[in-house]
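Novice: starting from these lines, generate the structure:
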Amino acid sequence: MCGIIGMVGPIANQSEERVAFARDIMIHRGPDDAGLDRIGPALLGFRRLAILDLTPAGHQPMLNNDRSVGLVFNGEIYNFQELRQELKSSYEFHSHSDTEVILKGYLEWGWEEMLRRIDGMFAIAIWDNRTRTLYGARDRVGKKPFFYHTSENGFIFSSTLNSLRALLEGTPKVNPAALDAYLTYQAVPAPLTMFEGVHQLLPAHQFVYRLDSQHLEISRYWDVNYDQKFSDKSEADVLDELDNLIHQAVRRRLVSDVPLGAFLSGGVDSSLVVGVMAAEMQEAVNAIVIGFDDEKYDERRYARQVASHLGTDRVNLTEHVLDPSSISNLPEIIWQYGQPVADVSIVPTYHVAKAARKNVTVVLNGDGGDEVFAGYARPIVAGAAHHYRQWTPGFVRSLLGRSMKSLQGTIPRAVSMLIEAGSQTAAETFIYDRALRSHRDQLYSSQLRSELLEWHPDKLYRSVWDSARATDDVDRALYGDFKTYLPDQLLTKMDVSTMAVALEARSPLLDKNLIEYAATIPTNLRIKGYTTKYLLKKLASRYVPKEVLYRRKRGFVMPTSNWMQGDLMGTLNTVLNSEQFFDRGWFNPEVVRQMLSEQQTGERNWSEQLWTLLILELWARLMLDQTLFRTDNLEALS
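Specialist: Okay, the predicted model is just below:
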């Protein structure tokens, strides 16, 4: 796991010292080694976190024998050993790294065939001086970041926004569309970034940049297909095949030359991964869990149950507690992202990664279980709503939908979700109504609204819904979450949090073979009633206690609302009721002040919206004004 950076064209003529400086801004991603090489009109840089082949033979940039081709690569290729076997009759290998397999694979098969064959998490850039062409790609699900900028002076790329910005002249303008998308979805969706002219490569996409013509071509090289379902397998068959695939996925991710462990939250996904790890590993699994003093949010007891069930000789569980003071380094956490992300779990995820790094360098996690196996209510409601729309007259659905406010709290949550979904189209239901989406007209200033014109962030989600190759609305909802919420927020959070402390995170439930197999499972096998992750829970019960699996789902959250009523309220008032905040011209001051007042009196809970605004303003002070520094303590703002 590492950090890559580079430039091609006249822009690469700038001093190597400047590029080295930009590269070393992301030293946290790779503290073990650094490299910088010029190949014709290309300059490639690298920071290394040594995971496979800890010797200097794994150094990057990695070049071919005549120095005409150079590679920088961030990530892990899980099938590199099989590919190496194919290549070793034609090439002599000088290392035991997966990096060299990519380079030799490109030389043997060419770019597109090499890309088709590799399986893993990656951001790759290859400069071929023979054709004066730069090739790049991001992995299929979006675990590894890839930012870039193009101009008449060439092409720049990096693993982090902070490093890329260090190579630009001045601070780019804020992109109004990205700002709006962030305020709506609490993260900036690719290909947008918060800066005009700076982009993020979408997951499962590649690019070819030809220097002589300055032509950039971007294309998708892989997609998940839900419209090819099998019809000849029983539930027992499916569970056995899933079991086998998950064992294979875990086994491939246990290859490491450094200490390895796991995040264990006590939820379905991480518990299953740890259970399979315990079955596959010779030694005990080093598992890490983080909790809170507030019992309502603390789930350590479930992690203890899993560890106890598997046996203390198979799982070594380490516990950590997060208290309100843990939020004091929020400026440092926000700085790591380079742009705002308002998922409240950015704080506990950072701290659990920091705790894990004391003992291990690689962790396995349960990311992807919800998106691949229907862990959220949305796909289940989508299926139920389809039948509801078929059998219930439109005027009845419309009437019930309008009555929802008065019915809230008097009917079961599942029923209210069904009524609400049934009053809209399936595509409309898929679009998140989160954060500040419903408050745009009142909250946004006239200046911001004029800059947005015909833009609306819902277009992003609608285009994903429309592009799904699916058999029904359940598949479309799964595809939508897989393409939006997962890479834009969850995987970004995991990559940034772990890389901030030089920790590599691997996700077995996002294995390519597992994703493709799960997409072929018919809806009637995947979903039973209103049970989320039906198949995964059945499978996990082979390894962990059922009482851990069949309980109400809780995300990895912290008691933000409680903290905002107490420890954080002073910071909120100081930051969000300041001239510095309002002078940006983005928001209506009276609306913000009303939110703050109602939050403080308890008249209304605005914690999600105020948290989103707080993260944005702290980011702006860090990145736009430079009046806040990553080392500053949050309490100093109060």
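Novice: make it CA atoms for all contacts and neighbour counts henceforth
Specialist: OK.
Novice: quick one, helices of the stretch 301-450 of the chain?
Specialist: For the stretch 301-450 of the chain, the helices defined by DSSP state H, counting those that start in this stretch occupy 330-337, 346-356, 369-373, 377-391, 394-402, 404-407, 413-422, 426-430, 440-443, 446-452.
Novice: got CSV for those helices, with mean pLDDT, distance to residue 606 and mean neighbour count too?
Specialist: CSV is the format used below for these (pLDDT from 0 to 100; distance: least, C-alpha to C-alpha, whole Å; neighbours: other C-alpha atoms under 10 Å):
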stretch, mean pLDDT, distance to residue 606, mean neighbour count
helix 330-337, 97, 20, 20
helix 346-356, 94, 19, 22
helix 369-373, 95, 27, 22
helix 377-391, 82, 23, 20
helix 394-402, 81, 23, 15
helix 404-407, 69, 18, 12
helix 413-422, 79, 21, 19
helix 426-430, 85, 23, 19
helix 440-443, 94, 13, 15
helix 446-452, 95, 22, 15
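Novice: could you dump those helices into TSV and include distance to residue 313?
Specialist: Shown next, in TSV, are those (distance: least, C-alpha to C-alpha, whole Å):
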stretch	distance to residue 313
helix 330-337	35
helix 346-356	19
helix 369-373	27
helix 377-391	37
helix 394-402	54
helix 404-407	52
helix 413-422	41
helix 426-430	45
helix 440-443	54
helix 446-452	58
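Novice: which among these is found nearest to residue 574?
Specialist: Closest to residue 574 of the helices of the stretch 301-450 of the chain, according to C-alpha to C-alpha: helix 330-337, at 15.3 Å.
Novice: wait, residue 357 touches residue 499, no?
Specialist: No - here residue 357 lies out of contact with residue 499, judged by C-alpha atoms under 8 Å, at a distance of 10.2 Å.
Novice: residues in contact with the residue nearest the centre of the chain?
Specialist: Nearest to the geometric centre of the chain sits residue 491, at 1.6 Å (C-alpha atoms, centre = their mean). Residue 491 makes contact with 142, 143, 367, according to C-alpha atoms under 8 Å, 6 or more residues apart in numbering.
Novice: list just the nearest of these to residue 483.
Specialist: Nearest to residue 483 among the contacts of residue 491, with distances taken as C-alpha to C-alpha, is residue 142, at 8.9 Å.
Novice: and the closest one, how many residues sit next to it?
Specialist: 26 (other C-alpha atoms under 10 Å).
Novice: that one and residue 247, how far apart?
Specialist: Separation of residue 142 from residue 247 (C-alpha to C-alpha, to the nearest Å): 22 Å.
Novice: the contacts of residue 491 into JSON lines, with extra columns for distance to residue 626?
Specialist: Output for those, formatted as JSON lines (distance: C-alpha to C-alpha, whole Å):
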{"residue": "142", "distance to residue 626": "30"}
{"residue": "143", "distance to residue 626": "29"}
{"residue": "367", "distance to residue 626": "34"}
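Novice: could these be laid out in a markdown table, adding pLDDT?
Specialist: Output for the contacts of residue 491, formatted as a markdown table (pLDDT from 0 to 100):
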| residue | pLDDT |
| --- | --- |
| 142 | 97 |
| 143 | 98 |
| 367 | 97 |
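Novice: out of these, the closest to residue 484 would be?
Specialist: The nearest one, if we look at the contacts of residue 491 relative to residue 484 and count by C-alpha to C-alpha, is residue 142, at 10.1 Å.
Novice: now do that closest one against residue 118, distance only.
Specialist: To residue 118, residue 142 is 15 Å away according to C-alpha to C-alpha.
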